[in-house]
Every structure is written in structure tokens, then in C-alpha cells.
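>>> Take this sequence and fold it.
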Amino acid sequence: MMAAIAFGSVMSFRSIEGATLPRWLTNLMVALILLLSFGLRIQQLGVVEFKRDEAAISRLALDLAQGEALPLLGIPTSLGIPNTAIPVYLYALPYAISDNPLVPTIFIALLNMLAVALIYQLGRRYASLQVGLLAALLFAVSPWAVIYSRKLWANFLLPPFVVGAVLTGLMGFKEQRPWALVAHPVLAMLAIQIHYSAAIVLGPSALCLILWPAALRKGHWRFLLLGTALATLTVVPLVLGLIGTAPPTLVSLSSSTDVAASSSPPGLVLRHVWILATGGEIHSLAGPDQFRAYLAGLPPLFPLFNVLGLLLIAAVVWMFVRLFRGQSWRESIDAVLLLWLLLPIIALSGPWITPFPHYLIPLMPASLLMVARGIDALLERLPRAWGVASLSLLGLILLGQLWATSQLFSFLDQHPTADAFGVPLHYLLDAREAILSDDPQAVIVVTEDESLRFSQEPAVWDALLNPVPDRRYVNGARTWVIPDGGAVQLVLLSESITGSFGSHLLENTTLETYPQRPGEPDYAVVSSLEHTLAVEALSPTLFANGAVLTGLRSDASGLLTQWTLSGPINVNYQITAQVFDEDGVRLAQADRLSWPGPYWRAGDRLYLWFDLAMPDEAQQVYLSFYTVEGETLRNVDILDVAGNPAGQGAWVDLP
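Got it, this is the predicted structure:
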């Protein structure tokens with residue numbers, strides 16, 4: 001309804017030749033567009049992704065918001081080049097209010113609503129009121145602009161900073177506004193530090209300086225110098241963070257370039273520009289197995305969206321023709337818009353990078369501003385009847401985009417979308433709230449990964465369970481822990497976990513289950529594990545790292561070992577299990593990471609599983625911890641009752 005009111009207001013005004021609007025009505029139309037943009041970006045708010053990248057930046061922002069650390073760098077890029085900490089600082093603002101990720105999700109929606117307002121200002125100021133309203137409405141409803149406003153990625157912060165940088169550049173140089181000359185370099189530098197793809201704003205900045213240098217000749221260079229100084233200050237954390245940080249090697253950069261060159265088909269960037277401008281291919285978020293089901297629930301809308309792409313092409317051609325047919329480049333902002341659009345396309349078309357659609361977020365406002373200018377110019381030249389028909393078609397496109405986007409979020413919430421859209425956040429928040437409601441001091445998360453640095457589930461739950469002081473992670477397919485003193489356990493009930501050796505721990509145990517989407521494994525919250533696993537008790541063998549071997553069980557499928565742990569250690573030990581016959585011939589061997597040392601707690605009972613073929617002639621098992629330092633293996637001693645070294649491994653006779 002709001003979309004229809006906003007569009008109808010804009011278009012009814014445009015269709016009246018020579019019409020002017022009172023200020024209150026203009027403000028009302030702008031307010032309706034802004035409310036529409038915000039509403040679309042927070043609809044079904046829990047249907048957002050929260051995966052490893054979102055968790056990583058959230059972890060840094062939470063640490064800053066809670067005064068635990070001051071990050072100088074952000075999360076690393078795929079090229080090994082460090083990101084700046086500016087996105088972390090921005091996300092720390094909403095995280096200072098709440099550690100629930102939905103709060104920064106609303107924050108990013110608000111920032112992108114601000115981008116809609118800035119687009120309106122830019123279009124109204126340098127084209128016409130109609131262009132400003134149209135461009136704002138197009139960006140408010142654009143499916144990809146909505147999608148790119150709904151999760152905690154650094155580059156989703158870009159639109160208000162990029163549009164703000166271009167707008168202040170025009171106001172500073174073209175209109176000679178001193179405050180804009182101060183703000184322009186600051187906004188441009190912040191945009192670049194949010195995501196390096198925003199470096200394209202330097203092109204429009206330089207062009208503004210070339211086209212309108214009079215601002216500096218009038219002495220306003222002092223304001224630009226002040227802004228540049230302030231912009232330089234924003235780079236200080238990055239410089240400090242890079243001190244002592246090894247730069248990426250030429251080999252790594254060359255390798256990344258080779259991959260990009262071999263994996264990017266010609267014209268890929270232009271295809272991305274097309275789908276971002278038209279709202280096409282949003283069905284890709286449903287994944288290769290589900291996108292047809294999503295499309296089957298919609299009328300054939302997407303071919304209609306291509307009209308916007310054709311309008312963009314026509315607008316680009318029209319602007320070039322105007323520029324090279326005698327129009328002064330200083331009279332309009334056509335040259336600035338064209339450079340804003342074309343520079344990212346050129347920069348991402350080379351063999352040095354694999355272009356993803358979200359790398360082109362900086363050009364989206366330019367493309368929709370140009371579509372709006374093209375529509376406005378077209379309506380000026382069409383007879384009234386054709387103009388009304390064209391406006392009706394445009395209204396149908398915008399309503400279709402709104403419907404397709406809303407239906408997509410509903411679809412993603414109810415269908416498993418493997419290799420595409422991740423589990424919607426609200427499913428995870430249900431389990432989170434169940435855990436936090438009891439204010440636990442410790443929690444163990446049992447999923448299919450345990451590395452906090454490299455694995456998705458531990459990273460996600462480390463951010464979501466931030467209020468819990470002691471958070472640890474277990475790969476339940478091969479490791480289980482019974483904590484001494486108790487700890488809440490969050491268990492992913494996947495096949496690899498429920499079918500593992502440790503599933504017996506869940507038998508006859510009260511489970512509070514929290515479903516995900518149909519076809520995806522549930523989570524279960526376990527207040528305490530009441531059982532132990534059956535093993536043959538052994539005479540305790542103490543290793544120098546504090547682990548004590550206390551039990552063992554073997555069968556045809558593998559070997560289960562039981563350990564009692566001491567306190568946490570800052571070493572991640574490998575462990576080897578080797579099977580021998582009575583003649584000392586090794587029959588089988590399995591090596592694995594024991595369990596990350598920082599997770600160890602005194603008194604915990606640790607179960608480690610080894611996938612080992614256990615032949616009938618197996619007589620003994622040799623177990624030993626070791627670390628790998630370069631090409632050197634360093635075994636951990638076992639200790640006798642006096643604490644003296646008594647070997648580098650435990651020999652256990654098999655029953």
C-alpha cells in the first residue's frame with residue numbers, strides 16, 4: 001500500500017505539465033519513500049544470514065563495544081590484504097546497545113534508508129524534483145538494494161558513504177560550499193576503508209575538481225585541506241595495525257590473479273551490472289536445488305524487469321550524446337554520473353580479480369539515478385497518453401519487484417537452500433534465547449566443527465553466545481566432552497553427530513529441541529549429560545601436557561579413548577593412535593587433532609574417537625601426543641608418579 005501511494009504521488013505530479021508541489025507535499029512524498037525503503041529492509045527481519053563473515057566482524061565489534069579490545073584491523077580479505085577496522089567501529093555502535101545481531105541489522109537498514117534520502121537530494125539538486133523522487137523510489141524498491149541492506153557485511157555499509165561522498169563533492173566544487181569541501185574527503189576516505197571497491201569515488205572526486213576548480217581559486221582550498229587532514233586521521237588505525245604485519249607476498253597475489261583470470265568469463269561484470277539495475281536473478285539466493293520452486297510461485301515478472309536495464313543503456317547513450325554534441329560539461333552532472341557508473345565496470349573487468357555482484361554496490365545508486373534521468377527525459381518527449389502508459393508500466397515493474405522480494409524472503413524462511421542462503425538468523429536466536437535465559441557460566445557447542453578461527457558454526461555461536469563467559473566447541477562426529485561441574489550443551493542433531501559414538505550420551509536425556517528449516521537438522525539444548533560412555537578402565541597414564549589416559553574401547557569400526565584433563569593450555573596437540581600385532585608390526589595408524597588446548601578445563605572427561613580398522617590380530621595400541629614445528633615433530637613425555645619423564649607414549653594391551 002505504501003509503495004502504491006508513493007509511486008502514485010510521484011507519477012501523478014510528473015504527469016502534470018508545469019506542475020509544482022508545495023513543500024509539505026514534497027516532504028510527505030519523500031517521507032513515504034523513506035518509510036517504504038526502511039519497511040522493505042526490515043521486513044521479516046529474522047530472515048537474514050549470519051554466517052562466518054558476519055560472525056567474525058560481529059566478534060570484533062562486540063569486543064570493542066564491551067571495552068575488551070580496540071581492533072586496528074578488520075577481517076582479512078581473500079587476497080591476504082587486511083581490511084580496515086572502520087566497519088568494525090560502525091557496527092560497534094549498535095552492538096553497544098545490544099549484543100543481539102538483529103540490532104545492527106536494523107542499524108544497517110537505517111543507513112541504507114539514509115542512502116535513499118541522499119540519492120533524492122542528489123537527483124533533486126542537480127536534475128529535477130521528479131528525478132530525485134524517481135531515483136529514491138527506484139533505490140528504495142530495488143530487490144538487490146534491499147537484499148544488500150540486510151546483513152552484517154562491510155560493503156553493505158557503503159551506499160550512504162558513497163552517495164554522500166559524490167554529493168558533497170558536487171556541492172563543494174560545483175556550488176563552492178565550504179562545509180562540503182571539508183566533508184567530502186572524509187566521506188570518501190571512510191567509504192574506501194569500509195570496502196576497497198569504493199575507491200572508485202576518487203574518479204568522480206577528481207572529475208569534480210577538474211570541472212569546477214573555481215572553488216579552490218576562491219580560497220576554499222583551506223577547507224579542502226582541513227577535510228583531507230581529517231580524512232588522514234581516519235587512516236591512523238590502519239597504519240598502526242599494519243606495523244609489524246607481514247604484507248601479502250607476490251606469489252599469493254599472483255595466485256589470486258591467476259584464479260580470477262581463469263574463472264571470470266568475459267562480460268561477467270556487465271551481467272552483474274544488468275542484474276543489479278533490473279533486480280534480476282534474485283532467485284539465485286534459493287540455490288541450485290530450490291530456485292525453480294521459488295519461481296514457480298510467481299507470475300513471469302522477471303522479463304518485465306529488463307525494461308529498467310534497457311532504460312539504463314538508453315540513458316548512458318543519451319548522456320554521452322549530450323556531452324559530445326556541444327553541451328558544456330560544467331552545466332550538468334552527466335559526466336560525473338557516467339564516470340561513477342563506468343569506472344567500477346572498467347576496474348573489475350581485468351584479470352586481477354574475480355568480480356562478485358556485491359563488489360558493484362558503489363555503482364548501484366549511479367545506475368538508478370541514470371535510469372530516473374532517462375525516464376524523466378523520455379516522459380518529456382512522449383505524448384500524454386503514452387506517458388501515462390509508460391508510467392503504468394513502471395508502476396507495475398516496481399510493484400512486481402516489491403512482491404518478488406517479499407516472496408523471496410518468505411521462501412528462504414521455509415525451504416532449505418543448500419549452497420546458497422544460510423539458515424535464517426531467527427532460528428538460531430531461538431536456541432540462543434533458550435540458553436541465555438538461565439544465565440549459564442559455561443556452554444559447550446557440539447556441531448561438526450570445533451576450530452573457532454576456521455570453522456563457521458563455532459564462529460557463529462561465539463558471537464551469538466557472547467554473554468556466556470566460557471564458550472567451547474566440539475566436533476561431535478569424533479569428540480565429546482563431559483564437563484566437570486556441568487555446562488549447558490548445544491548440540492546440532494545432524495546425521496554425523498547422532499550417528500557417532502557419542503550419541504549414547506543423549507539417550508534418556510531431556511532435550512529441548514529447536515528446529516531449523518524443513519530438511520535441516522534441529523538444535524538441542526542439554527542442561528547436563530547424565531551418562532558416560534562404556535570403556536575399559538585403565539591404570540591412569542599422565543602426560544606432561546596434563547592429559548590423563550583413563551579408558552579405552554575398541555571394535556571393528558574404530559578406537560575410543562577416554563581422558564581426564566587439567567586446565568587450559570595454549571597449545572593444540574596432535575595425537576596418534578597406532579595398532580600393532582604381537583610381533584610389533586604396525587597394522588594401522590590414525591592421527592588427529594586432540595582437542596584445542598584453550599578449551600581444556602580441569603576435571604573434564606574427554607572422549608576421542610579414531611577411525612581405525614581393527615584387525616583380529618591387533619594386540620596393542622600406542623597413543624602419543626605431539627606438536628608439529630615446521631618439519632619437526634615433538635612428542636609429549638609421559639610422567640611417572642614422581643613427575644619424571646618415563647617415555648613418549650602409552651602402550652595399552654587390547655582386551
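
>>> in the stretch 101-250 of the chain, which ranges drop under the pLDDT threshold?
Scanning the stretch 101-250 of the chain with the threshold set as pLDDT under 70 gives 244, 246-250.

>>> before we move on, what about the stretch 251-400 of the chain?
Residue ranges of the stretch 251-400 of the chain with pLDDT under 70: 251-264, 266, 326-327.

>>> what's the spacing between the residue nearest to residue 440 when sequence neighbours are not counted and residue 332?
Spatial nearest neighbour of residue 440, excluding adjacent residues (C-beta to C-beta, 6 or more residues apart in numbering): residue 488 at 4.6 Å. From N, CA and C alone the C-beta is placed, and that goes for glycine too. Distance of residue 488 to residue 332, given as C-beta to C-beta, to the nearest Å: 63 Å.

>>> how about the helices in the stretch 401-550 of the chain?
425-436, 456-464, 495-498 (DSSP state H, counting those that start in this stretch).

>>> hey, what's the residue nearest to residue 440 bridged with?
When bridges are called by DSSP bridges, residue 488 pairs up with residue 443.

>>> Just to check, it is in contact with residue 435?
Yes - counting by C-beta atoms under 8 Å, residue 488 touches residue 435, with 5.7 Å between them.

>>> need the contact list for the residue in the chain sticking out farthest from the centre.
Here the chain reaches farthest from its C-alpha mean at residue 583, the gap being 55.9 Å by C-alpha atoms, centre = their mean. With contact set as C-beta atoms under 8 Å, 6 or more residues apart in numbering, residue 583 has no partners.

>>> How is it assigned, secondary-structure-wise?
Assigned by DSSP: H, G, I helix; E, B strand; the rest coil, the conformation of residue 583 is coil.

>>> neighbour count winner among residue 488 and residue 332?
residue 488 (21 against 16; other C-beta atoms under 10 Å).

>>> Please name the residues that touch that one.
Counted by C-beta under 8 Å, 6+ apart, residue 488 has contacts 435, 438, 440, 442, 443, 444, 525, 526, 527, 528.

>>> could you flag which of these are buried?
435, 440, 442, 443, 444, 525, 526, 527 (16 or more other C-beta atoms under 10 Å).

>>> Closest to residue 36 out of those?
Among the buried ones among the contacts of residue 488, residue 435 lies closest to residue 36 (C-beta to C-beta), at 36.7 Å.

>>> For the buried ones among the contacts of residue 488, could you give me JSON lines that also reports distance to residue 637 and pLDDT?
Below are the buried ones among the contacts of residue 488 laid out as JSON lines (distance: C-beta to C-beta, whole Å; pLDDT from 0 to 100):
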{"residue": "435", "distance to residue 637": "39", "pLDDT": "95"}
{"residue": "440", "distance to residue 637": "36", "pLDDT": "92"}
{"residue": "442", "distance to residue 637": "30", "pLDDT": "93"}
{"residue": "443", "distance to residue 637": "33", "pLDDT": "95"}
{"residue": "444", "distance to residue 637": "29", "pLDDT": "95"}
{"residue": "525", "distance to residue 637": "40", "pLDDT": "93"}
{"residue": "526", "distance to residue 637": "36", "pLDDT": "89"}
{"residue": "527", "distance to residue 637": "38", "pLDDT": "84"}
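
>>> can I get the residues you listed in JSON lines with distance to residue 300?
Conversion of the buried ones among the contacts of residue 488 to JSON lines gives the following (distance: C-beta to C-beta, whole Å):
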{"residue": "435", "distance to residue 300": "45"}
{"residue": "440", "distance to residue 300": "52"}
{"residue": "442", "distance to residue 300": "54"}
{"residue": "443", "distance to residue 300": "49"}
{"residue": "444", "distance to residue 300": "50"}
{"residue": "525", "distance to residue 300": "45"}
{"residue": "526", "distance to residue 300": "49"}
{"residue": "527", "distance to residue 300": "52"}
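
>>> Show me where the stretch 151-300 of the chain has its helices.
Along the stretch 151-300 of the chain, the stretches classed as helices by DSSP H, counting those that start in this stretch are 158-173, 178-194, 202-211, 214-215, 221-233, 236-242, 250-263, 268-278, 291-296.

>>> for those helices, which one sits closest to residue 619?
Going by C-beta to C-beta, the one of those nearest residue 619 is helix 250-263, 47.9 Å.
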